[in-house]
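Engineer: predicted model and sequence below, questions to follow.
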Number of protein chains: 2
Amino acid sequence: MLRPLCVIPALLACAAALRAEDGSVAWLRYTALGETAARGYRLAVPAVVVAAGAAAPIDSAQQELIRGIRGMLGRTLRVEAHVPRESAIVIGTLDEIQKAAPQFGLSAKLEPDGFWLKTITEGGVPYIVVTAEDGRGVLYGAFALLRKIALGEAVDRLDERQTPYAPVRWVNQWDNLDGSMERGYGGPSIFWEGGHVRQDLSRVSEYGRLLASLGINGCSINNVNADPQLLDSDFAAQIARIAAAFRPWGVQVAVSVDFGSPKSIGGLDTFDPVDPKVAAWWKAKAEELYRAVPDLGGFVLKADSEGRAGPSTYGRTHADAANVVARALKTHGGLLFYRGFVYDHHMDWRNPKNDRARAAYDNFHPLDGRFDDNVIVQIKNGPIDFQVREPASPVFGALERTNEAAELQITQEYMGQARFLVFLAPMWKETLDFDLGPGTVKALAAGKTFHRPTGGFVGVANVGLDENWTGNHLSQANLYGFGRLAWNPDLSAPRIAEEWTRLTFGGDPKVLETVSVLLLKSWRTYENYTGPLGLQGLTDIVGNHYGVSVEASERNGWGQWHRADQTGVGMDRTMATGTGYIGQYSPAVAKVFESLEDCPDDLVLFMHHVPYTYSLHSGKTVIQSIYDLHYEGEQAAESYIGDWKGIAGRIDDRRYREVLAQLEYQAGQAEVWRDAVSNWFFRESRIPDAKSRVGNHPGRVEAEAMMLEGYTAVDVHPWEAASGGKAVSCPITQCAASTRYNGAPGWYTLRIQYFDQNNGTARYKLRVGDQVVDEWVAAAHVPSAKIDGSTSARRTVGGIALRAGDSIRVEGMPDGGETAAFDYIEILPSEN
Amino acid sequence: MLRPLCVIPALLACAAALRAEDGSVAWLRYTALGETAARGYRLAVPAVVVAAGAAAPIDSAQQELIRGIRGMLGRTLRVEAHVPRESAIVIGTLDEIQKAAPQFGLSAKLEPDGFWLKTITEGGVPYIVVTAEDGRGVLYGAFALLRKIALGEAVDRLDERQTPYAPVRWVNQWDNLDGSMERGYGGPSIFWEGGHVRQDLSRVSEYGRLLASLGINGCSINNVNADPQLLDSDFAAQIARIAAAFRPWGVQVAVSVDFGSPKSIGGLDTFDPVDPKVAAWWKAKAEELYRAVPDLGGFVLKADSEGRAGPSTYGRTHADAANVVARALKTHGGLLFYRGFVYDHHMDWRNPKNDRARAAYDNFHPLDGRFDDNVIVQIKNGPIDFQVREPASPVFGALERTNEAAELQITQEYMGQARFLVFLAPMWKETLDFDLGPGTVKALAAGKTFHRPTGGFVGVANVGLDENWTGNHLSQANLYGFGRLAWNPDLSAPRIAEEWTRLTFGGDPKVLETVSVLLLKSWRTYENYTGPLGLQGLTDIVGNHYGVSVEASERNGWGQWHRADQTGVGMDRTMATGTGYIGQYSPAVAKVFESLEDCPDDLVLFMHHVPYTYSLHSGKTVIQSIYDLHYEGEQAAESYIGDWKGIAGRIDDRRYREVLAQLEYQAGQAEVWRDAVSNWFFRESRIPDAKSRVGNHPGRVEAEAMMLEGYTAVDVHPWEAASGGKAVSCPITQCAASTRYNGAPGWYTLRIQYFDQNNGTARYKLRVGDQVVDEWVAAAHVPSAKIDGSTSARRTVGGIALRAGDSIRVEGMPDGGETAAFDYIEILPSEN
């Protein structure tokens, strides 16, 4: 093998040519433009780049321009110290450019972080000026200029100013100090390992670059469920190393803190926020950190929530808690993000007036005006917790004298994690554009409505060390989408989807169309096959938040109840008869939600309890809609496979194959979900599917009905996770299950629904007669060690010729805790 | 990351989908056909396969049919024990099929290893019969049927008989017992490791499958320069393991033996072939081996050549030597391959009558008729040793009563090793089709001309453990080409090139055209930029047989002399005035070669010594032809890059990138060769290039002429391997060389010709002004630790804007024995 002649990836043209498309460069691929496009841009883009001033972000901007132009146009910009007499890209803050090129006569009033791309012709020579009030803005301008080229937009005669919609555009990473991550699906932490900051922070620097390309300016680096240890003095220098990796990209570091720290690690006998000793402790701690990281962004604080220490211990308020910490940060310019995600998780489910959705409003509305100006109350988009469909949280509209930030979830907890394609920008758009009365969520969160000093958007990102950051290629679109919306929430979801697709997979029209459409319908698809009509909460909410478990939300204190029973379903949150949650909205909004006639179908079961026979706006009953939507969702997920296959050969084959495998897996899971939810509601309601699909699966043979050799039938929990409520499991070293085929001769696809747990790698063989027609290993890593909906996986074997009398036989060889269990086989006529 | 759901590659459809195109499946990819083609074949290909008989090759045939049909059509053939009433593929020997399906009434006389693909309609049902005299033929028939489908040929109404052209279709592997390989460029041995047979022989089995797909039926598994140890008794069981891995694919194992073994390891005091003790020893040794490997193919023996022990020690003949071993094999049905590659490598170069080319004929012609019938004299295609252009060896025509085999070189010793694209089928075709008088080489080698009991073709293959077997993707075409020609030397090179391309890279018409044409012109290109006109021998023949070294062949005993001096060039091999070599040919052939007028330009300097001013058939002088052909060759190699880029996106990107890197490297080496040979002949002849190119390189700046900081100028050996005969080398930890640019402003490509040795990984930076515009690491593994033609490598940096006054600076950081040397920089106007 000829060894590659170059190995340093950063600068080199040939590195890009040699590198596999592993997803590591995400949307910043800078691949060579087609010859026609390149020719055009080679005329429009100067040969020289001049940086006025040398602050870190400006140097990054210059390097990025060199890298991007080199990649896309095959040219290396000349770095010159002074503005030449020839055409040049001139970058720098307004002040610096006015000094370096007074002849440009530049003058403008720009907002912090905003930028101005401007073509100036001086002495007959055109210059592209990338300028801003501050260095970070210049960096954002450079990325914007490169994105224009990558998207095929004109860059001659530029005069474009952009101002970020909000000052706060942050991500939170829920990384634990041991390197694990809460709700992280993209590998181990890029920051932490074994209780300390990783030696190699190159991925942090690369992450900073990705964030900067979107205009994200802050990142908290540890779990909101904070380890108090983080405030131990020996961490300051480590945090400073992360800050140093981020700083060239204008990303400020923040840390999550534990409210009990003054006592647990500080040596005090209290953490009472109004105790002066406590205030002094926070002050000293902040000073220590700011000595190490002078540009620290601030702290994130989750208090009195899900078992975290909080002010309630001393009968104090959230404002007391927030302010004592915020005041320690204030002199340093730091912000305190106080999470609004506060609720009682030991609520009595028997009380029909109890409602977790009310909690944030009930907790924070009374405190409006009592938070210091450097406190930001960080509010999840919906009143529950990152469910597939929630109304906008009423808290956004309820705080007029308090800074807010909207917390949006980029990582896909409850949303298929890294395994399903669920593009979240359309969902965020619905929330951000929702008018709560005083204003839209985006305007409220950004502080525009009530003219707050700060505010904005926080995304829970949770990228990890996986090559592709997010555990799969398509989930990168959510990070991209969050960043773009945080910068400009007026962008449309289709625009974002197409931008991302073009930057990530290239500009082939069929690819653009296919991938954009897949992205844009994916949220609805996922909602349909999991929990439509505002049902939500059908994942295993007391476990892995992934697989199906319809009753996991019921009859416990967590309050994600859908209250389905034999006659009806839905949480009555009306003012008239329910929990009164709807009353937290402005009258105009409340009126719509309160009225069963006006309430949108998508949220009807979130707001109302109705009989299964209740007729929706669609004209269908609730129960029939549940059936139909689940079948629609499953069919849509199945259709993704064919859609994706349509772009074979139009993108690199590595990502093609990896995404295809992901979509095939998702289609199998969609069928599990469809059957589980449909069967559950059928058993509960006893109302049959008008289309006779539910409980009726032509070609399906239950494992427990096959002739078993060694295999034993077992009850599955929850019962709906397996067809017929049962699977077969092998308690010995090898088992078999067989059935005899008695249908027409022809070509068939066999599907085996088996259970691929994470505590072993069982092996399977499929035989027709004596012939092994397939064999596979159950080596997937889904978050469950049980026979349940999360582990239910589908093996599809096409092109099998069956003849009457054939024996079809599944052989299983358990391994570790994995018992080679399976649920059923399906024998489906095949077009092949 | 979603983990792949299947990990066993053999059987599984999804494995193929998930596997990267690493080249490991070579031409047996069986990728899914396009939907239209697949539909057609799904009608023509039955659902059932029946194997009559279960001998190993027939079972392999059945498995291969299942695998191939599954891959291409997405269907799994049903294995049935008896011929069904429905359409089926029925495979088996004629005897077995007559028993299993007497109703077919099959009857034919087939040659060993030949096969018959026949559609039989019985009771209105069509059957595809794959039959042969023996199991191996059935296996070949199965591969042929699959190849037809992969190539898009019709498979309905089949009636195709194929008979191999010759019984011997072998490969030799020159693997050493320590796992290294003589002239192996595809990684370590698949057979050996640390002095014994490898534990894991899965690659041997895969290799057997590749060989079987071509009809290759034998493989010797150790270096012809044989380690006597191999005949130690404890190796028999190990060799049996290799034989077991090959056996399902019908590939017989052979071993190379050392003629001195009876003495060196046998405990005798002699290895004299006429000594009965020696004969008894060989007999006992053969018996021992055949007990372990009853179907052993035989032995390969290199004696009295290049220092090997041989019969001359005792004044015996090659026939004595061959026969004593052959008789030990005879009762077991084994063959002895006695290599004709015998010559004196201590010849006096001052004697103009001495000629290595004469040696094989002189040695073997007198012995014709004295070799036993199970001896095969294995004769290299040409009289020297795998040079880029040789006449067909006269020995083929000189042995009427002796079995022959033509030894062709698949591994690319002297032919760019694994680094250059050189497709050898066109060269082999020229040799095989050459009419020596009594017959063509192919007919003579196959034993057809003189009705010999056996004969055929032996390829020196030397595949290794590299994923792609041959160290690069394109060299696989040589293994494919050898196998196809060994089966049927009447196939044309274009047909083979297109078959291979379609099977290896798919059927896109532009890919077919581009890759086929690249293959077909590659030999001529390589000849042109290395040694045209029969010059040959310009690699470093006393060293690595790779890089340029014009005089390496001169003034030593190896006899690869081209005898270039100040007035002329070429070996006078005429009968009239030269060595008389030409007299070894039949009169008709000799007449053409003897006559300077009739001798083809391609061989003129092989046959004649002429003045540089001699005018060729082309109308050009010899010297101008040398210049022109080297420039043509270099330009052709350069054009490969653009040709290859034209198929970007039409094949998988991994192989696209890997081949592109290889072709870029080759283009750089072609320039080194062009300059070295042209400059050498210019210095020697003092005749300038009519086109003023030689010695005149606009834009080239010699390193030794730059301003040196730490770098020191060094003489390069041979002088022609470096521009100006000198390079600069860094004797300290870091050096720099700079020059000032004073040309017109514009876009330029900079090329740095540096030396990438295999004894270190030096680093380089290229600066324009203060700006680092490129950096790279010299990490290639070429077979040299010196500053010479082999290590001379080119770094191309496009898209550089230069302005008058710019400093261009190369910085080198040595590592190990590699001194960050470089030869020159070139500043070339760029279209960019």
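Structural biologist: Looks like it came in fine. Just so you know, these numbers come straight off a predicted model, no measurement behind them.
Engineer: low-scoring stretches of chain A, by residue?
Structural biologist: A:1-19, A:832 (pLDDT under 70).
Engineer: determine the longest helix present in it.
Structural biologist: In chain A, assigned by DSSP state H, the helix with the most residues is helix A:653-685.
Engineer: that one packs against which elements?
Structural biologist: If you count contacts as 3 or more CB pairs under 8 Å, 6 or more residues apart in numbering or on different chains; DSSP states H and E, helix A:653-685 packs onto helix A:509-529, helix A:622-645, strand A:746-755, strand A:792-802, helix B:13-18, helix B:653-685. Quick note: C-beta positions are derived from backbone N, CA and C, even for glycine.
Engineer: buried residues, that helix. List them.
Structural biologist: Residues of helix A:653-685 classed as buried by neighbour count (16 or more other CB atoms under 10 Å in any protein chain shown): A:653-682, A:684-685.
Engineer: now do stretch A:753-763
Structural biologist: For stretch A:753-763, the neighbour count (16+ other CB under 10 Å) marks A:753-758, A:760-763 as buried.
Engineer: now swap in stretch A:429-443 and tell me
Structural biologist: Buried, per 16+ other CB under 10 Å, within stretch A:429-443: A:429-432, A:434, A:436-437, A:439-443.
Engineer: got these as TSV, with secondary structure and distance to chain B columns?
Structural biologist: TSV is the format used below for the buried residues of stretch A:429-443 (DSSP: H, G, I helix; E, B strand; the rest coil; distance: CB to the nearest CB, whole Å):
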residue	secondary structure	distance to chain B
A:Lys429	helix	27
A:Glu430	helix	28
A:Thr431	helix	29
A:Leu432	helix	30
A:Phe434	coil	34
A:Leu436	coil	39
A:Gly437	coil	43
A:Gly439	coil	41
A:Thr440	strand	37
A:Val441	helix	33
A:Lys442	helix	33
A:Ala443	helix	39
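Engineer: okay if I get the residues you listed as a markdown table plus distance to B:Arg524?
Structural biologist: Below are those laid out as a markdown table (distance: CB to CB, whole Å):
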| residue | distance to B:Arg524 |
| --- | --- |
| A:Lys429 | 62 |
| A:Glu430 | 66 |
| A:Thr431 | 67 |
| A:Leu432 | 66 |
| A:Phe434 | 71 |
| A:Leu436 | 77 |
| A:Gly437 | 81 |
| A:Gly439 | 76 |
| A:Thr440 | 71 |
| A:Val441 | 71 |
| A:Lys442 | 68 |
| A:Ala443 | 72 |
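Engineer: gap between the longest helix of chain A and the chain center?
Structural biologist: 19 Å (CA atoms, centre = their mean, to the nearest Å).
Engineer: got the residue ranges for the strands in the stretch 101-250 of chain A?
Structural biologist: Per DSSP state E, counting those that start in this stretch, the stretch 101-250 of chain A carries strands over the ranges A:115-122, A:125-132, A:159-162, A:168-172, A:192-193, A:196-197, A:218-220.
Engineer: my error: substitute the stretch 451-600 of chain A in the last question.
Structural biologist: Using DSSP E, counting those that start in this stretch, strands in the stretch 451-600 of chain A cover A:455-460, A:568-569.
Engineer: quick one on the thing from earlier: between which two of the buried residues of stretch A:429-443 is the distance greatest?
Structural biologist: A:Lys429 and A:Gly437 (19.0 Å; CB to CB).
Engineer: about what we covered before: check which element follows the longest helix of chain A along the chain.
Structural biologist: For helix A:653-685, the following helix or strand on the C-terminal side (DSSP states H and E) is strand A:700-702.
Engineer: whatever helix or strand comes next after that following strand: which residues count as buried?
Structural biologist: As assigned by DSSP H and E, the chain's next helix or strand after strand A:700-702 is strand A:707-709. Of all the residues in strand A:707-709, those buried under the rule 16+ other CB under 10 Å are A:Leu708.
Engineer: one step back: out of the buried residues of stretch A:753-763, which touch chain B?
Structural biologist: A:Asp756 (CB under 8 Å from any CB of the partner chain).
Engineer: which of the buried residues of stretch A:753-763 sits closest to A:Val171?
Structural biologist: For the buried residues of stretch A:753-763, the minimum distance to A:Val171 (CB to CB) is 27.8 Å, reached by A:Asn758.
Engineer: restricting to C-alpha, output stretch A:51-67 in CSV.
Structural biologist: The C-alpha trace of stretch A:51-67 is given here as CSV (Å, rounded to 0.1, in the frame of the first residue of the first chain):
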residue,chain,number,x,y,z
ALA,A,51,-6.1,41.1,9.1
ALA,A,52,-6.3,44.4,10.9
GLY,A,53,-5.5,43.5,14.5
ALA,A,54,-4.4,40.1,15.7
ALA,A,55,-6.8,39.3,18.6
ALA,A,56,-7.5,35.5,18.8
PRO,A,57,-10.8,35.4,17.0
ILE,A,58,-9.5,37.5,14.2
ASP,A,59,-6.5,35.2,13.7
SER,A,60,-9.0,32.3,13.7
ALA,A,61,-11.1,34.1,11.1
GLN,A,62,-8.0,34.6,8.9
GLN,A,63,-7.0,30.9,9.2
GLU,A,64,-10.5,29.8,8.5
LEU,A,65,-10.8,31.9,5.4
ILE,A,66,-7.5,30.4,4.1
ARG,A,67,-8.7,26.9,4.9
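Engineer: got a list of contacts for that stretch?
Structural biologist: Contacting residues not belonging to stretch A:51-67 are listed as A:10-11, A:30, A:49, A:76-77, A:79, A:89-93, A:96-97, A:99-101, A:130, A:135-136, A:138-139, A:141-143, A:145-146, A:209, A:212, A:247-250 [CB atoms under 8 Å, 6 or more residues apart in numbering or on different chains].
Engineer: starting at the chain centroid, how far to whichever helix or strand A:Phe337 is part of?
Structural biologist: Element membership for A:Phe337, per DSSP H and E: strand A:335-339. When distances are taken as CA atoms, centre = their mean, strand A:335-339 is centred 21 Å away from the chain's centroid.
Engineer: for that strand, packing partners?
Structural biologist: strand A:298-301, helix A:318-330, strand A:375-380.
Engineer: and the angle for the longest one with strand A:335-339?
Structural biologist: Pointing back at helix A:318-330 there. 160 degrees (axes from the mean of the first three to the mean of the last three CA atoms, to 10 degrees).
Engineer: what about stretch A:374-383, how long is it end to end?
Structural biologist: The first residue of stretch A:374-383 is 24 Å away from its last residue (CA to CA, to the nearest Å).
Engineer: my error: substitute stretch A:314-323 in the last question.
Structural biologist: Start-to-end, stretch A:314-323 (CA to CA) is 15 Å.
Engineer: check which helix or strand A:Val773 maps to.
Structural biologist: strand A:771-777.
Engineer: may I have that strand as CSV, with CA atoms only?
Structural biologist: What follows is strand A:771-777, C-alpha atoms only, in CSV (Å, rounded to 0.1, in the frame of the first residue of the first chain):
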residue,chain,number,x,y,z
GLN,A,771,-30.0,-24.6,4.4
VAL,A,772,-28.6,-21.7,6.4
VAL,A,773,-30.0,-18.7,4.6
ASP,A,774,-28.8,-16.0,7.0
GLU,A,775,-26.8,-15.7,10.2
TRP,A,776,-26.2,-12.6,12.3
VAL,A,777,-24.8,-11.4,15.6
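Engineer: excluding chain neighbours, what is closest to the residue in the stretch 651-800 of chain A positioned nearest to chain B?
Structural biologist: Nearest to chain B in the stretch 651-800 of chain A, going by CB to the nearest CB, is A:Gly799, at a distance of 3.5 Å. Once flanking residues are discounted, A:Gly799 sits nearest to B:Arg75: 3.5 Å by CB to CB, 6 or more residues apart in numbering or on different chains.
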